[in-house]
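S.K.: Turn this into a structure:
(one chain, ligands or ions: 1)
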Amino acid sequence: MSALIEAKGLTKHYEGFSLENVNLAVEEGEVVGFIGQNGAGKSTTIKALLGLIRLDGGEGQILGTPSDELSRASGAAVKERVGVVFDTVSLPGHLRVCDVGRIYRSAYASWDAHAFDRLARELDLDPKKAVKDLSRGMGMKLSLACALAHDPQVLILDEATAGLDPMARDEALDRLRDFVARPGRAILMSSHITSDLERIADRIVCIDAGHIVFDLPKDVITDETGIARCRVADFERVAASGVVPERELRYLRHDYGIDVLVPDRFAFAENFPEIPCDRMTIDDYMALTLKGGVR
Ligand SMILES: Nc1ncnc2c1ncn2[C@@H]1O[C@H](COP(=O)(O)OP(=O)(O)OP(=O)(O)O)[C@@H](O)[C@H]1O
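M.R.: Numbers count the residues shown, from 1 in each chain. Below is the predicted model:
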């Protein structure tokens, strides 16, 4: 079965930045978290997948339709089945929340006015309020309600939970979980809030300077992998032990010691019970991968 969202060798050159040979796939039932530092290429990849920018190489597809077709009239039917939320609200400021519902009703054949009204109510959006008067978080809730109310099959979210308070984020994550639990659905979401991804993502794809640097099941990062808090002498012993294969030992020096990425934290704890070894977080995994040394 082919992926619901797929990038194959995406390449895009801007002055001073290149997206190079980006591959990623989101299968049915999956939530893929897309992470990377500011300017790494997440939004560029997402825009390329949606056919919003012209590529210099490679190809993308969503629900079997090539990305470059999505921006044409022939891609309109597929776009009905793609829900998109960016980190800014791209609606005219003078519109009221209730007007937004009316406009989308004529834009999407699949628009579910009842679902939109219900979502707006549940998300505490005042139907009389103008878009320009919404707070950032409220604007994101409105975008999410719009994306969900046309009954999409895939959701593509670019920093969509960034403006939400912790309780609103919880609620949004629950909605995303419900969304993806139904057959034939998938979510690609970029986020700097990796705690959200720890809760919802099945896989984590990390991009750096336009290149994919890892693509791993989330559980491999957060359940199997560990971060050993070594003193300098411990570090030399760990390096010499072969527990982590040579040239795969990733480490990050701090003033207080050296953190070491341990592929199997349970095996490590058996071999070095005296060295503290914590569960890995996505943030630490990214820091060790992007900023750490290898030996
Ligand atoms: N239209 C454009 N013209 C020139 N350069 C661009 C354009 N769009 C993006 N870039 C550059 O591409 C690079 C990647 O930007 P992108 O928005 O994809 O990063 P990002 O990973 O989404 O970052 P952030 O986490 O800050 O949102 C940046 O250096 C940016 O300046």
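
S.K.: So this structure: which segments form each domain?
M.R.: 5-218, 225-294 (automatic domain parsing).

S.K.: Pick the most deeply packed of the ones you listed.
M.R.: Mean neighbour count (mean count of other CB atoms under 10 Å) peaks for domain 5-218 among the domains of the chain, with a mean of 18. Every C-beta, even on glycine, is put in place using the N, C-alpha and C of the backbone.

S.K.: Report the secondary structure state of the residue of the chain positioned farthest from its centre.
M.R.: Taking CA atoms, centre = their mean, the residue of the chain most remote from its mean C-alpha position is residue 233, at 38.1 Å. Three-state call for residue 233 (DSSP: H, G, I helix; E, B strand; the rest coil): helix.

S.K.: ok so, going back, to the ligand, which of the domains of the chain lies closest?
M.R.: Of all those, domain 5-218 sits nearest to the ligand, with 3.3 Å by CB to the nearest ligand atom.

S.K.: got the domains of the chain as JSON lines, with mean pLDDT columns?
M.R.: Supplementary listing: the domains of the chain in JSON lines, determined by pLDDT from 0 to 100:
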{"stretch": "domain 5-218", "mean pLDDT": "93"}
{"stretch": "domain 225-294", "mean pLDDT": "92"}
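
S.K.: now those domains in CSV, with distance to the ligand?
M.R.: Below are the domains of the chain laid out as CSV (distance: least, CB to the nearest ligand atom, whole Å):
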stretch, distance to the ligand
domain 5-218, 3
domain 225-294, 12
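
S.K.: Quick check: residue 236 vs residue 295, distance?
M.R.: Distance, residue 236 to residue 295, by CB to CB, to the nearest Å: 11 Å.

S.K.: got the contact list for residue 205?
M.R.: Residue 205 makes contact with 24, 32-35, 212, 214-215, according to CB atoms under 8 Å, 6 or more residues apart in numbering.

S.K.: In which helix or strand does it reside?
M.R.: Taking DSSP states H and E as the criterion, residue 205 maps to strand 203-208.

S.K.: And the nearest residue to residue 209 once chain neighbours are set aside, which helix or strand is it part of?
M.R.: Using CB to CB, 6 or more residues apart in numbering and skipping the chain neighbours, the partner closest in space to residue 209 is residue 40 (6.5 Å). Secondary structure assigned from DSSP H and E places residue 40 in neither a helix nor a strand.

S.K.: Please apply the same query to the one 4 residues further on.
M.R.: Secondary-structure element containing residue 44, defined by DSSP H and E: helix 42-49.

S.K.: That helix packs against which elements?
M.R.: strand 5-14, strand 17-26, strand 31-35, strand 57-62, strand 154-158, strand 186-190 (3 or more CB pairs under 8 Å, 6 or more residues apart in numbering; DSSP states H and E).

S.K.: Now with 6 Å, please.
M.R.: Contact partners of helix 42-49 among helices and strands, from 3 or more CB pairs under 6 Å, 6 or more residues apart in numbering; DSSP states H and E: strand 5-14.

S.K.: helices or strands next to the strand it packs on in the packing?
M.R.: strand 17-26, helix 42-49, strand 57-62.

S.K.: and it, how far from the chain's centre?
M.R.: 16 Å (CA atoms, centre = their mean, to the nearest Å).

S.K.: What angle do strand 31-35 and that strand make with each other?
M.R.: Interaxial angle, strand 5-14 versus strand 31-35 (axes from the mean of the first three to the mean of the last three CA atoms, to 10 degrees): 20 degrees.

S.K.: CA atoms only for strand 5-14 - export them in PDB, please.
M.R.: This file holds the C-alpha atoms of strand 5-14, laid out as PDB (Å, rounded to 0.1, in the frame of the first residue of the first chain):
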ATOM      1  CA  ILE A   5       1.700  11.600   2.100                       C
ATOM      2  CA  GLU A   6       5.000  11.100   0.500                       C
ATOM      3  CA  ALA A   7       8.100  13.000  -0.500                       C
ATOM      4  CA  LYS A   8      10.600  11.500  -2.800                       C
ATOM      5  CA  GLY A   9      13.900  13.300  -3.300                       C
ATOM      6  CA  LEU A  10      12.400  16.700  -2.800                       C
ATOM      7  CA  THR A  11      14.900  19.400  -3.800                       C
ATOM      8  CA  LYS A  12      14.400  23.100  -3.700                       C
ATOM      9  CA  HIS A  13      17.100  25.800  -3.900                       C
ATOM     10  CA  TYR A  14      16.800  29.300  -2.400                       C
END
